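1. Everything below, folded, please.
(chains A and B)
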2 protein chains.
Amino acid sequence: MNIGQYTLDEYTRLIQSFHGSIAPGLLIGGVMVDAALDRIDNRKFYDAICETSSCLPDAIQLLTPCTVGNGWLHIVDLGRFALALYEKDSGRGVRVFLSADKTAQWPEIRNWYLKLKPKKEQDREALTNQILKAGVSLCRFQDVEVLPAFLTKQGKGEIASCPVCGEAYPRNHGAVCRACGGRSPYIGPARIDIGKNAA
Amino acid sequence: MNIGQYTLDEYTRLIQSFHGSIAPGLLIGGVMVDAALDRIDNRKFYDAICETSSCLPDAIQLLTPCTVGNGWLHIVDLGRFALALYEKDSGRGVRVFLSADKTAQWPEIRNWYLKLKPKKEQDREALTNQILKAGVSLCRFQDVEVLPAFLTKQGKGEIASCPVCGEAYPRNHGAVCRACGGRSPYIGPARIDIGKNAA
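-> Here you go, the predicted structure:
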(Lines give C-alpha, C1' and ligand atoms only; values in the text may rest on other atoms or scores of the structure.)
Protein backbone atom coordinates (compact mmCIF):
# COMPACT_ATOMS: atom_id res chain seq x y z
CA MET A 1 0.00 0.00 0.00
CA ASN A 2 1.36 3.37 -1.05
CA ILE A 3 0.23 6.80 0.10
CA GLY A 4 1.20 9.45 -2.41
CA GLN A 5 4.88 9.01 -3.21
CA TYR A 6 5.51 7.06 0.01
CA THR A 7 5.22 3.50 1.24
CA LEU A 8 2.90 3.16 4.23
CA ASP A 9 5.94 2.81 6.53
CA GLU A 10 7.55 5.96 5.15
CA TYR A 11 4.29 7.88 5.45
CA THR A 12 3.68 6.84 9.07
CA ARG A 13 7.24 7.90 9.99
CA LEU A 14 6.64 11.21 8.23
CA ILE A 15 3.39 11.95 10.06
CA GLN A 16 4.92 10.90 13.38
CA SER A 17 7.70 13.40 12.80
CA PHE A 18 5.68 16.27 11.31
CA HIS A 19 2.31 15.96 13.04
CA GLY A 20 3.61 14.49 16.31
CA SER A 21 1.50 11.33 16.29
CA ILE A 22 0.09 8.72 13.92
CA ALA A 23 -3.36 10.25 14.17
CA PRO A 24 -6.32 8.47 12.52
CA GLY A 25 -7.11 11.71 10.66
CA LEU A 26 -3.67 11.68 9.06
CA LEU A 27 -4.03 8.04 8.01
CA ILE A 28 -7.44 8.38 6.36
CA GLY A 29 -6.42 11.87 5.26
CA GLY A 30 -3.43 10.41 3.43
CA VAL A 31 -5.70 7.93 1.67
CA MET A 32 -8.03 10.79 0.66
CA VAL A 33 -5.23 13.01 -0.70
CA ASP A 34 -3.76 10.05 -2.57
CA ALA A 35 -7.15 9.31 -4.13
CA ALA A 36 -7.65 12.96 -5.11
CA LEU A 37 -4.18 13.10 -6.72
CA ASP A 38 -5.15 10.01 -8.68
CA ARG A 39 -8.12 11.89 -10.13
CA ILE A 40 -6.51 15.13 -11.30
CA ASP A 41 -4.12 15.90 -14.13
CA ASN A 42 -1.06 16.52 -12.00
CA ARG A 43 0.93 17.86 -14.93
CA LYS A 44 -1.08 21.03 -14.30
CA PHE A 45 -0.63 23.41 -11.40
CA TYR A 46 -3.22 22.92 -8.72
CA ASP A 47 -4.27 24.41 -5.39
CA ALA A 48 -6.00 22.73 -2.45
CA ILE A 49 -9.00 23.61 -0.31
CA CYS A 50 -9.26 21.89 3.06
CA GLU A 51 -12.69 22.06 4.72
CA THR A 52 -11.41 21.41 8.25
CA SER A 53 -8.47 22.70 10.27
CA SER A 54 -8.12 19.35 12.11
CA CYS A 55 -5.51 16.86 10.91
CA LEU A 56 -6.35 16.89 7.20
CA PRO A 57 -4.30 20.05 6.38
CA ASP A 58 -1.14 18.19 7.43
CA ALA A 59 -1.84 15.26 5.08
CA ILE A 60 -2.28 17.78 2.24
CA GLN A 61 0.94 19.60 3.14
CA LEU A 62 2.95 16.38 3.26
CA LEU A 63 1.61 14.82 0.07
CA THR A 64 1.09 17.76 -2.30
CA PRO A 65 3.07 20.93 -3.16
CA CYS A 66 0.35 22.94 -1.36
CA THR A 67 1.21 24.42 2.05
CA VAL A 68 -0.28 27.15 4.22
CA GLY A 69 2.87 29.25 3.88
CA ASN A 70 3.10 29.12 0.08
CA GLY A 71 -0.56 30.07 -0.27
CA TRP A 72 -1.59 27.05 -2.32
CA LEU A 73 -3.50 25.44 0.57
CA HIS A 74 -6.65 27.32 1.54
CA ILE A 75 -8.24 26.26 4.81
CA VAL A 76 -11.95 27.07 4.80
CA ASP A 77 -13.12 25.78 8.15
CA LEU A 78 -16.51 24.27 7.36
CA GLY A 79 -16.07 21.44 9.86
CA ARG A 80 -16.37 18.80 7.12
CA PHE A 81 -13.67 16.17 6.70
CA ALA A 82 -13.16 16.95 3.03
CA LEU A 83 -10.67 18.43 0.62
CA ALA A 84 -10.57 19.55 -2.99
CA LEU A 85 -7.68 19.77 -5.45
CA TYR A 86 -8.38 22.14 -8.34
CA GLU A 87 -6.53 23.56 -11.33
CA LYS A 88 -5.19 27.06 -10.70
CA ASP A 89 -6.33 28.34 -14.10
CA SER A 90 -9.78 26.82 -14.58
CA GLY A 91 -10.80 26.34 -10.95
CA ARG A 92 -12.11 22.88 -11.79
CA GLY A 93 -11.17 19.93 -9.68
CA VAL A 94 -12.17 17.02 -7.52
CA ARG A 95 -13.55 17.02 -3.99
CA VAL A 96 -13.13 14.02 -1.69
CA PHE A 97 -15.01 13.51 1.52
CA LEU A 98 -15.18 10.86 4.18
CA SER A 99 -18.69 9.46 3.87
CA ALA A 100 -20.50 8.71 7.13
CA ASP A 101 -22.74 6.05 5.56
CA LYS A 102 -19.70 4.19 4.22
CA THR A 103 -18.40 3.80 7.79
CA ALA A 104 -21.41 1.60 8.69
CA GLN A 105 -19.45 -1.66 8.42
CA TRP A 106 -16.39 -0.29 10.28
CA PRO A 107 -17.48 0.26 13.90
CA GLU A 108 -14.23 1.77 15.20
CA ILE A 109 -14.04 4.23 12.29
CA ARG A 110 -17.67 5.17 12.93
CA ASN A 111 -16.99 5.67 16.67
CA TRP A 112 -14.09 7.95 15.86
CA TYR A 113 -15.61 9.90 12.96
CA LEU A 114 -19.01 10.55 14.52
CA LYS A 115 -17.56 10.74 18.06
CA LEU A 116 -19.94 8.04 19.32
CA LYS A 117 -17.42 7.13 22.05
CA PRO A 118 -15.10 9.38 24.06
CA LYS A 119 -11.54 9.32 22.70
CA LYS A 120 -10.18 7.37 25.69
CA GLU A 121 -12.68 4.55 25.11
CA GLN A 122 -11.83 4.20 21.43
CA ASP A 123 -9.64 1.26 20.41
CA ARG A 124 -6.80 2.98 18.57
CA GLU A 125 -5.25 -0.21 17.22
CA ALA A 126 -8.54 -1.53 15.82
CA LEU A 127 -9.25 1.93 14.40
CA THR A 128 -5.89 2.01 12.60
CA ASN A 129 -6.40 -1.49 11.22
CA GLN A 130 -9.89 -0.67 9.98
CA ILE A 131 -8.70 2.53 8.27
CA LEU A 132 -5.94 0.63 6.48
CA LYS A 133 -8.36 -2.12 5.42
CA ALA A 134 -11.23 0.15 4.38
CA GLY A 135 -9.03 2.75 2.66
CA VAL A 136 -10.52 4.55 -0.30
CA SER A 137 -13.85 2.68 0.02
CA LEU A 138 -14.71 5.20 2.79
CA CYS A 139 -14.56 8.12 0.36
CA ARG A 140 -16.93 9.79 -2.04
CA PHE A 141 -15.87 12.04 -4.90
CA GLN A 142 -17.42 15.07 -6.56
CA ASP A 143 -16.49 17.28 -9.49
CA VAL A 144 -16.26 20.85 -8.26
CA GLU A 145 -15.49 24.33 -9.53
CA VAL A 146 -14.22 26.87 -7.00
CA LEU A 147 -15.41 30.45 -6.62
CA PRO A 148 -13.32 33.09 -8.48
CA ALA A 149 -11.90 34.35 -5.15
CA PHE A 150 -9.88 31.14 -4.93
CA LEU A 151 -8.25 31.68 -8.32
CA THR A 152 -6.53 35.00 -7.73
CA LYS A 153 -3.68 35.34 -5.26
CA GLN A 154 -4.27 38.38 -3.09
CA GLY A 155 -1.10 40.47 -2.98
CA LYS A 156 -0.28 42.39 0.19
CA GLY A 157 -0.09 45.68 -1.74
CA GLU A 158 1.88 48.63 -0.38
CA ILE A 159 3.68 48.18 2.95
CA ALA A 160 3.35 50.93 5.58
CA SER A 161 4.71 51.52 9.06
CA CYS A 162 2.03 51.30 11.77
CA PRO A 163 1.86 54.66 13.61
CA VAL A 164 1.12 52.83 16.90
CA CYS A 165 3.51 49.84 17.09
CA GLY A 166 5.94 51.01 14.38
CA GLU A 167 5.93 47.62 12.61
CA ALA A 168 5.56 47.01 8.88
CA TYR A 169 2.02 46.04 7.75
CA PRO A 170 -0.07 46.11 4.54
CA ARG A 171 -1.48 49.63 4.18
CA ASN A 172 -4.77 48.26 2.85
CA HIS A 173 -5.45 46.87 6.37
CA GLY A 174 -6.28 50.43 7.47
CA ALA A 175 -4.78 53.42 9.30
CA VAL A 176 -3.19 51.19 11.92
CA CYS A 177 -2.21 47.52 11.78
CA ARG A 178 -4.83 44.94 12.78
CA ALA A 179 -3.05 44.19 16.07
CA CYS A 180 -3.18 47.84 17.13
CA GLY A 181 -6.75 47.98 15.78
CA GLY A 182 -7.90 45.56 18.50
CA ARG A 183 -7.08 42.14 17.12
CA SER A 184 -3.88 41.47 19.04
CA PRO A 185 -3.70 37.93 20.46
CA TYR A 186 -1.63 39.18 23.42
CA ILE A 187 -2.58 40.60 26.82
CA GLY A 188 -1.70 44.28 27.24
CA PRO A 189 1.17 46.03 25.52
CA ALA A 190 4.09 43.76 24.76
CA ARG A 191 7.24 44.41 26.77
CA ILE A 192 10.42 44.90 24.77
CA ASP A 193 13.06 42.43 25.93
CA ILE A 194 16.44 44.09 26.15
CA GLY A 195 18.17 40.74 26.63
CA LYS A 196 20.22 38.52 24.32
CA ASN A 197 20.73 39.97 20.83
CA ALA A 198 17.77 42.29 21.20
CA ALA A 199 19.62 45.62 21.19
CA MET B 1 25.32 28.18 10.67
CA ASN B 2 22.49 26.01 12.00
CA ILE B 3 18.77 26.64 11.74
CA GLY B 4 16.90 24.73 14.41
CA GLN B 5 18.08 21.12 14.34
CA TYR B 6 19.39 21.46 10.77
CA THR B 7 22.52 22.66 9.03
CA LEU B 8 21.86 25.48 6.57
CA ASP B 9 22.19 23.01 3.67
CA GLU B 10 19.72 20.59 5.20
CA TYR B 11 17.28 23.40 5.92
CA THR B 12 17.43 24.83 2.38
CA ARG B 13 16.79 21.34 0.95
CA LEU B 14 13.87 20.96 3.35
CA ILE B 15 12.24 24.26 2.39
CA GLN B 16 12.81 23.58 -1.32
CA SER B 17 10.98 20.27 -0.90
CA PHE B 18 8.17 21.41 1.45
CA HIS B 19 7.56 25.02 0.44
CA GLY B 20 8.51 24.61 -3.23
CA SER B 21 11.25 27.28 -3.32
CA ILE B 22 14.02 28.75 -1.20
CA ALA B 23 11.93 31.83 -0.47
CA PRO B 24 13.52 34.75 1.43
CA GLY B 25 10.65 34.56 3.95
CA LEU B 26 11.56 30.96 4.75
CA LEU B 27 15.23 31.84 5.22
CA ILE B 28 14.71 34.78 7.57
CA GLY B 29 11.71 32.91 9.02
CA GLY B 30 14.01 30.00 9.91
CA VAL B 31 16.39 32.39 11.66
CA MET B 32 13.48 33.89 13.61
CA VAL B 33 12.07 30.52 14.72
CA ASP B 34 15.56 29.36 15.69
CA ALA B 35 16.04 32.52 17.78
CA ALA B 36 12.64 32.09 19.45
CA LEU B 37 13.40 28.45 20.31
CA ASP B 38 16.63 29.65 21.87
CA ARG B 39 14.66 31.90 24.21
CA ILE B 40 12.03 29.49 25.55
CA ASP B 41 12.25 26.57 27.92
CA ASN B 42 11.72 23.85 25.34
CA ARG B 43 11.34 21.16 27.98
CA LYS B 44 7.86 22.59 28.35
CA PHE B 45 5.02 22.19 25.87
CA TYR B 46 4.51 25.23 23.74
CA ASP B 47 2.20 26.52 21.01
CA ALA B 48 2.94 29.03 18.25
CA ILE B 49 1.15 32.11 16.97
CA CYS B 50 2.06 33.29 13.49
CA GLU B 51 1.00 36.84 12.63
CA THR B 52 1.09 36.34 8.85
CA SER B 53 -0.10 33.61 6.50
CA SER B 54 2.81 34.25 4.09
CA CYS B 55 5.89 32.00 4.26
CA LEU B 56 6.49 32.17 8.03
CA PRO B 57 3.95 29.43 8.93
CA ASP B 58 6.03 26.94 6.94
CA ALA B 59 9.24 27.79 8.85
CA ILE B 60 7.33 27.21 12.11
CA GLN B 61 5.89 23.91 10.89
CA LEU B 62 9.31 22.63 9.79
CA LEU B 63 11.27 23.68 12.88
CA THR B 64 8.84 23.19 15.78
CA PRO B 65 6.28 20.52 16.74
CA CYS B 66 3.52 23.05 15.91
CA THR B 67 1.52 22.51 12.70
CA VAL B 68 -1.81 23.78 11.41
CA GLY B 69 -3.25 20.27 11.44
CA ASN B 70 -2.30 19.41 15.02
CA GLY B 71 -3.73 22.68 16.29
CA TRP B 72 -0.55 23.93 17.94
CA LEU B 73 0.09 26.60 15.30
CA HIS B 74 -2.43 29.43 15.34
CA ILE B 75 -2.36 31.73 12.33
CA VAL B 76 -3.73 35.15 13.25
CA ASP B 77 -3.37 37.11 10.04
CA LEU B 78 -2.31 40.54 11.25
CA GLY B 79 -0.03 41.14 8.26
CA ARG B 80 3.04 41.46 10.51
CA PHE B 81 6.10 39.30 9.90
CA ALA B 82 6.20 38.02 13.46
CA LEU B 83 5.68 34.90 15.52
CA ALA B 84 5.37 33.96 19.17
CA LEU B 85 6.15 30.72 20.96
CA TYR B 86 4.34 30.42 24.31
CA GLU B 87 3.90 27.86 27.05
CA LYS B 88 0.63 25.98 26.79
CA ASP B 89 -0.10 26.22 30.52
CA SER B 90 0.90 29.78 31.43
CA GLY B 91 0.44 31.50 28.05
CA ARG B 92 3.76 33.29 28.55
CA GLY B 93 6.32 33.34 25.81
CA VAL B 94 8.50 35.25 23.45
CA ARG B 95 7.53 37.17 20.32
CA VAL B 96 10.03 37.76 17.50
CA PHE B 97 9.53 40.24 14.71
CA LEU B 98 11.52 41.39 11.72
CA SER B 99 12.36 45.00 12.50
CA ALA B 100 12.09 47.46 9.60
CA ASP B 101 14.63 49.88 11.12
CA LYS B 102 17.19 47.08 11.44
CA THR B 103 17.05 46.53 7.68
CA ALA B 104 18.47 50.02 7.05
CA GLN B 105 21.99 48.75 6.34
CA TRP B 106 20.79 45.85 4.17
CA PRO B 107 19.32 47.40 1.01
CA GLU B 108 18.12 44.20 -0.67
CA ILE B 109 16.39 43.03 2.52
CA ARG B 110 14.77 46.44 2.82
CA ASN B 111 13.61 46.33 -0.84
CA TRP B 112 12.05 42.94 -0.27
CA TYR B 113 10.52 43.51 3.18
CA LEU B 114 9.03 46.94 2.50
CA LYS B 115 8.31 46.12 -1.17
CA LEU B 116 10.29 49.15 -2.36
CA LYS B 117 11.01 47.39 -5.67
CA PRO B 118 8.79 45.04 -7.69
CA LYS B 119 9.72 41.39 -7.13
CA LYS B 120 11.20 40.97 -10.63
CA GLU B 121 13.63 43.87 -10.05
CA GLN B 122 14.87 42.47 -6.74
CA ASP B 123 18.27 40.77 -6.73
CA ARG B 124 17.46 37.36 -5.25
CA GLU B 125 21.08 36.26 -4.83
CA ALA B 126 22.12 39.47 -3.03
CA LEU B 127 18.96 39.21 -0.91
CA THR B 128 19.79 35.64 0.14
CA ASN B 129 23.37 36.60 0.97
CA GLN B 130 22.27 39.59 3.03
CA ILE B 131 19.75 37.51 4.98
CA LEU B 132 22.40 34.92 5.80
CA LYS B 133 24.87 37.61 6.86
CA ALA B 134 22.46 39.76 8.84
CA GLY B 135 20.67 36.81 10.50
CA VAL B 136 19.29 37.37 13.95
CA SER B 137 20.48 41.00 14.01
CA LEU B 138 17.34 41.82 11.98
CA CYS B 139 15.05 40.66 14.78
CA ARG B 140 13.56 42.21 17.87
CA PHE B 141 12.16 40.23 20.80
CA GLN B 142 9.33 40.85 23.25
CA ASP B 143 7.98 39.02 26.25
CA VAL B 144 4.30 38.31 25.64
CA GLU B 145 1.33 36.66 27.32
CA VAL B 146 -1.43 35.36 25.07
CA LEU B 147 -5.17 35.85 25.57
CA PRO B 148 -6.97 32.99 27.37
CA ALA B 149 -8.67 31.95 24.10
CA PHE B 150 -5.30 30.67 22.90
CA LEU B 151 -4.86 28.40 25.93
CA THR B 152 -7.90 26.19 25.57
CA LYS B 153 -8.28 23.80 22.68
CA GLN B 154 -11.76 24.11 21.23
CA GLY B 155 -13.26 20.65 20.81
CA LYS B 156 -15.63 20.03 17.92
CA GLY B 157 -18.38 18.86 20.29
CA GLU B 158 -21.20 16.60 19.07
CA ILE B 159 -21.16 15.53 15.41
CA ALA B 160 -24.42 15.76 13.44
CA SER B 161 -25.50 14.93 9.89
CA CYS B 162 -26.27 18.02 7.81
CA PRO B 163 -29.93 17.85 6.65
CA VAL B 164 -28.96 19.48 3.32
CA CYS B 165 -25.73 17.81 2.14
CA GLY B 166 -25.90 14.79 4.42
CA GLU B 167 -22.27 15.15 5.54
CA ALA B 168 -20.96 14.99 9.12
CA TYR B 169 -20.36 18.40 10.77
CA PRO B 170 -20.11 19.84 14.32
CA ARG B 171 -23.67 20.42 15.57
CA ASN B 172 -22.60 23.64 17.29
CA HIS B 173 -22.09 25.18 13.83
CA GLY B 174 -25.89 25.47 13.54
CA ALA B 175 -28.92 23.75 11.99
CA VAL B 176 -27.03 23.10 8.73
CA CYS B 177 -23.31 22.87 8.03
CA ARG B 178 -21.46 26.09 7.18
CA ALA B 179 -21.12 25.11 3.51
CA CYS B 180 -24.90 24.69 3.15
CA GLY B 181 -25.31 27.86 5.22
CA GLY B 182 -23.75 29.93 2.42
CA ARG B 183 -20.02 29.56 2.98
CA SER B 184 -19.26 26.95 0.35
CA PRO B 185 -16.12 27.74 -1.65
CA TYR B 186 -17.61 26.01 -4.72
CA ILE B 187 -19.84 27.23 -7.54
CA GLY B 188 -23.33 25.72 -7.50
CA PRO B 189 -24.20 22.30 -6.15
CA ALA B 190 -21.37 19.81 -6.42
CA ARG B 191 -21.92 16.98 -8.88
CA ILE B 192 -21.47 13.48 -7.52
CA ASP B 193 -18.91 11.61 -9.57
CA ILE B 194 -20.03 8.07 -10.25
CA GLY B 195 -16.61 7.14 -11.65
CA LYS B 196 -13.67 5.21 -10.23
CA ASN B 197 -14.24 3.80 -6.73
CA ALA B 198 -17.05 6.24 -6.06
CA ALA B 199 -19.95 3.81 -5.89
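2. alpha carbons only for contacts and neighbour counts from here, please
-> Fine.
3. and the next element down the chain from the helix or strand containing residue A:74?
-> Residue A:74 is part of strand A:73-75 when elements are defined by DSSP states H and E. Sequence-wise, the next helix or strand beyond strand A:73-75 is strand A:82-87, with elements assigned using DSSP H and E.
4. Figure out how far the strand holding residue A:74 is from the centre of its chain.
-> Offset of strand A:73-75 from its chain centre (CA atoms, centre = their mean, to the nearest Å): 6 Å.
5. Name every sheet partner of that strand and say whether each one runs parallel or antiparallel.
-> With DSSP bridges as the test, strand A:73-75 is paired with strand A:46-50 (parallel).
6. quick check: angle from the partner strand to strand A:82-87?
-> When axes from the mean of the first three to the mean of the last three CA atoms, to 10 degrees is applied, the directions of strand A:46-50 and strand A:82-87 differ by 160 degrees.
7. quick one: stretch A:33-41 near chain B?
-> No. For stretch A:33-41, no contact with chain B is found by CA under 8 Å from any CA of the partner chain; the gap never falls below 8.7 Å.
8. before we move on, what about stretch A:152-162?
-> Yes. For a cut-off given as CA under 8 Å from any CA, stretch A:152-162 has contacts with chain B, namely A:158-160.
9. Tell me which of those residues fall in strands.
-> Secondary structure from DSSP state E places A:159-160 of the residues of stretch A:152-162 next to chain B in strands.
10. Any chance of CSV for the residues of stretch A:152-162 next to chain B, columns pLDDT?
-> Shown next, in CSV, are the residues of stretch A:152-162 next to chain B (pLDDT from 0 to 100):
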residue, pLDDT
A:158, 94
A:159, 96
A:160, 96
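11. Which members of the residues of stretch A:152-162 next to chain B come out as buried by neighbour count?
-> Neighbour counting by 16 or more other CA atoms under 10 Å in any protein chain shown classes A:159-160 among these as buried.
12. quick one: the longest helix along chain A to strand A:46-50, angle?
-> The helix of greatest length in chain A, counted in residues with DSSP state H as the criterion, is given as helix A:24-37. Our comparison of helix A:24-37 with strand A:46-50, counting by the same axes, to 10 degrees, yields an angle of 150 degrees.
13. just how off-centre is helix A:24-37 within its chain?
-> Using CA atoms, centre = their mean, the mean C-alpha position of helix A:24-37 is found 11 Å from that of the whole chain.
14. do the same with stretch A:26-43
-> Here stretch A:26-43 is found 13 Å from its chain centre; the criterion is CA atoms, centre = their mean.
15. Quick one: mean pLDDT for stretch A:18-30?
-> Stretch A:18-30 shows an average pLDDT of 97 in the prediction.
16. What is the nearest of the residues of stretch A:152-162 next to chain B to chain B?
-> Closest to chain B out of the residues of stretch A:152-162 next to chain B is residue A:159 (5.5 Å), distances taken as CA to the nearest CA.
17. can I assume the closest one is in contact with residue A:173?
-> No. Because the distance of 9.8 Å does not satisfy CA atoms under 8 Å, residue A:159 is recorded as not touching residue A:173.
18. Disregarding flanking residues, what is the spatial nearest neighbour of the residue most central in space within chain A?
-> Nearest to the mean C-alpha position of chain A, by CA atoms, centre = their mean, lies residue A:57 at 1.6 Å. With CA to CA, 6 or more residues apart in numbering or on different chains as the criterion, residue A:57 has its nearest non-adjacent residue at 5.2 Å, and that residue is residue B:69.
19. what's near enough to touch the one you found?
-> Neighbour list for residue B:69: A:19, A:53-58 [criterion: CA atoms under 8 Å, 6 or more residues apart in numbering or on different chains].
20. and it, what element?
-> Once you assign secondary structure using DSSP H and E, residue B:69 falls outside every helix and strand.
21. Equivalent analysis for residue A:97, please.
-> For residue A:97, the enclosing helix or strand under DSSP H and E is strand A:92-98.
22. And for residue A:53?
-> Counting by DSSP H and E, no helix or strand carries residue A:53.
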